[in-house]
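Engineer: model this:
(chains A and B)
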Amino acid sequence: MNIKEYISSGVVEGYVLGLLTAQERFEFEQYCEAYPELKQARTAFELALEKQAMENSIIPPADLKQKIASKIFDENKTAPVIPIQTTPPVKFNWVRLVAAASVILLVGTIWWSMNLKNENDKLKNDNAALQNNLKNSQDSIAQIIAMANHIQKEGMKMVGLNGTANSPKSFATVYWDTTSHDVYLLVNNLPKPASDEQYQLWALLKTNNQMQTIDLGMLQLSQKPLQVYKMTNAQSAQAFAITLEKKDGNPEPNLQKIYVMSNL
Amino acid sequence: MGYFFCLPFDQLLESKTKYSEQELVVLLNEQSNDAFNYLYDNYSGAIYTIINQIVPDKDTASDVMQEVFVNIWRKINTYDAGKGRLFTWMLNIARNASIDKVRSKGYRDNQKNQPMTENESSGMAMSTNPMVNDVGLKKVLTTLNEEHRKLIDLSYFQGFTHEEIAKMMGIPLGTVKTRIRTAITQLRKMIR
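Structural biologist: So this is what the prediction gives:
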């Protein structure tokens, strides 16, 4: 091959400018190894091109350098992370596995003990409520038994008070100790009074065709069923009646509002 | 007084430091800040010029410029001094990136919406408007005859293969190769 002809064919410039095909490029590189003058010609054109390009350059936008620098160096900063991932994974996995298992176990334990505590608290509360209910029931039963015993005493007079036209279904019972003159009242059925009203028990006495009424006290606002309440003593009575009065009662009964009454 | 002298003197020294290509390649492989500063300060103009001659749109040229410098930075370990100078290597990275950008669908779609004057400054219009971008290699091109200029423009600045140029100009492939060689030798005379 005539290397001088080859050099002057334009292949040197074509190579430097990147205009050769892959095959031509490969050939050129092979010849460069064999012919130092070819390599010299290449370098000479490269230097000429470089000089020409340097002398005739335009200035790029001023902000570009900073942009590129941050692009290059910000990406480099994250680079040291990569080697960590390439360390043997076996050891890593164990540590992570154990750590993960510990966390799961810890969370599970906390969850479990929290549940347990909640359950415990709930049981305690339930137990306290039951105890309370039981005590109330026992108290009530004790009172009822005491009352039952009491009203079955000798000399105890039981008087049924029937509903009047005001409240035909109502019914109450008065237990009157004829020796001690104690009066007990059991409300079997009375409508719930309005909030500003209250039932009042009266003893009725008829002397010389004159009706005398004796105040035996106010019924408690909320009457428990089957509960006997002690009222004011009555020295003498021929009949009993319950009227609906204003709250805290009246000195004289409102006869229009008799709810239950015993026979005279 | 010492400070007054020290600071400008240091800067003067720094700006005057001139590395050989071999030294610069070593520095670049170390990926240091100094290497980047030297690379950019010395080569950005020439590289931006070649990009701008292929990609006339300023914003797109800036994008390509970033891409090119990142590529140079990352691929410096693939540079083979036996096959040519560092500058030649960088110039070809810039040329290839620019041609890729101009040929990308996104760029071509965008150019359709640009005013005509933008298109006229791109390579194809060279023959009718040779005075645009008359710096660097393109300035040298203006001294070539019309046919040679067109061949260099199509092959070098627009990246068409010889086959594509043959099809485009309706001449045989062998003729294209010969004429490009001739054009290149003309170019060499201009550059030397």
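Engineer: which residues of the stretch 101-250 of chain A score low on pLDDT?
Structural biologist: Within the stretch 101-250 of chain A, the stretches with pLDDT under 70 are A:221, A:223-226.
Engineer: Minimum distance to chain B, which residue of it gives it?
Structural biologist: The stretch 101-250 of chain A approaches chain B most closely through residue A:103 (39.3 Å), counting by C-beta to the nearest C-beta. From N, CA and C alone the C-beta is placed, and that goes for glycine too.
Engineer: Wait, a helix at that residue?
Structural biologist: Yes - assignment of residue A:103 by DSSP: H, G, I helix; E, B strand; the rest coil places it within a helix.
Engineer: check contacts around it.
Structural biologist: Taking C-beta atoms under 8 Å, 6 or more residues apart in numbering or on different chains, we find residue A:103 in contact with no residue.
Engineer: Pull up the gap between it and residue A:97, please.
Structural biologist: 11 Å (C-beta to C-beta, to the nearest Å).
Engineer: now do residue A:158
Structural biologist: From residue A:158 over to residue A:97 (counting by C-beta to C-beta), the distance is 83 Å.
Engineer: same deal with residue A:5?
Structural biologist: 72 Å.
Engineer: cool, and residue B:29?
Structural biologist: Going from residue B:29 to residue A:97 by C-beta to C-beta gives 40 Å.
Engineer: One more: residue A:174?
Structural biologist: For residue A:174 relative to residue A:97 (C-beta to C-beta), the value is 83 Å.
Engineer: Look at the two and report which has more neighbours.
Structural biologist: residue A:174 (27 against 10; other C-beta atoms under 10 Å in any protein chain shown).
Engineer: Double-check that that one belongs to a strand.
Structural biologist: Yes - checked against three-state DSSP, residue A:174 lies within a strand.
Engineer: Now residue A:52: closest residue in space that isn't a chain neighbour?
Structural biologist: residue B:191 (5.3 Å; C-beta to C-beta, 6 or more residues apart in numbering or on different chains).
Engineer: ok, how many other residues are close to that neighbour?
Structural biologist: So residue B:191, with other C-beta under 10 Å, has 15 neighbours.
Engineer: if I pick residue A:191, what's in contact with it?
Structural biologist: Here residue A:191 is in contact with A:167, A:170, A:259 (C-beta under 8 Å, 6+ apart).
Engineer: Same question for residue A:18.
Structural biologist: So residue A:18 contacts B:92, B:95, B:96, B:156 (C-beta under 8 Å, 6+ apart).
Engineer: from these, which is closest to chain A?
Structural biologist: residue B:92 (4.7 Å).
Engineer: Please enumerate the helices of the chain.
Structural biologist: No chain specified, so I'll use chain A. Ranges of helices within chain A are A:3-6, A:12-17, A:22-34, A:36-55, A:64-78, A:81-86, A:89-151, based on DSSP state H.
Engineer: could you do chain B instead?
Structural biologist: Using DSSP H, helices in chain B cover B:2-16, B:21-30, B:33-54, B:58-75, B:86-103, B:105-112, B:116-120, B:136-141, B:146-152, B:162-169, B:173-191.
Engineer: Since that was my last question, I'll sign off now.
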